[in-house]
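1. show me the folded form of this:
(one chain, ligands or ions: 1)
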Amino acid sequence: MLSKKMSAALNKHMNTELYSAYLYLNMSASAASTGFKGASNWFMVQYQEEMIHFMKFYTYLNSQGEQAIVGQMAAPPSKYGSLLQMMEDTLNHEQFITKCINELTDLAVKEKDHASQIFLQWFVTEQVEEEENDRELIGKLKLVGDNGYGLLMLDNELGTRVFTPPPTTAA
Ligand code: OFO
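-> Below is the predicted model:
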């Protein structure tokens, strides 16, 4: 059983995960429109992962007898800068998500909500991995700079990313 406060906070964040999915879907289209097919694939995989994150919250809320409610949200930007800028935007967004997950975890601790604490642990770990991946790519993009051959090689590398669905979308 969730407190009203915990339920509302989890539901709000569920919608933020959906926003993340739409954000990366727009980034994928933007990268494709500038000829970066590999980067487009990378952001598409990112979109697919965010949909899993969204579904984890959706499933968890419903499993706790709450009704998950998808609400209205702001449209993500449709115009982006260079690949480096897009990756820096991605890291900024993920740092924001990390802050949200930490706040949710703080609330779960405060509410003595052990089930939610366990549920949120997966996301705490996931965010470390997400930020690490983004920082690594930012480093590579800075190294490559405006070098066309380097960008082509990096785009090829981004094209190899594969979406691996978790064994279950449940919490
Ligand atoms: Fe990118 O981790 Fe969810 O939002």
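
2. quick one: low-confidence ranges for this structure?
-> Scanning the chain for pLDDT under 70 picks out the ranges 168-171.

3. got the buried residues for stretch 56-70?
-> Residues Lys56, Phe57, Tyr58, Thr59, Tyr60, Leu61, Gln64, Glu66, Ala68 are the ones in stretch 56-70 that count as buried (16 or more other CB atoms under 10 Å). Heads up, the C-betas are built off the backbone N, CA and C, glycines and all.

4. how about the host helix or strand of the fourth one, does it reach the ligand?
-> If I follow you right, that is Thr59. Using DSSP states H and E, Thr59 maps to helix 37-63. Yes - residues of helix 37-63 are located near the ligand by CB under 6 Å from any ligand atom, namely Glu50, His53.

5. let's verify Arg161: helix, strand, or coil?
-> Three-state call for Arg161 (DSSP: H, G, I helix; E, B strand; the rest coil): coil.

6. neighbours of it, how many?
-> Neighbours of Arg161 under the rule other CB atoms under 10 Å: 16.

7. and it, how far from Glu49?
-> 10 Å (CB to CB, to the nearest Å).

8. same deal with Lys12?
-> Lys12 is 20 Å from Glu49, by CB to CB.

9. which one of those two is surrounded by more residues?
-> More crowded of Lys12 and Glu49, by other CB under 10 Å: Glu49, with 20 against 14.

10. now Val109, nearest residue through space, not along the chain?
-> Gln117 (6.4 Å; CB to CB, 6 or more residues apart in numbering).
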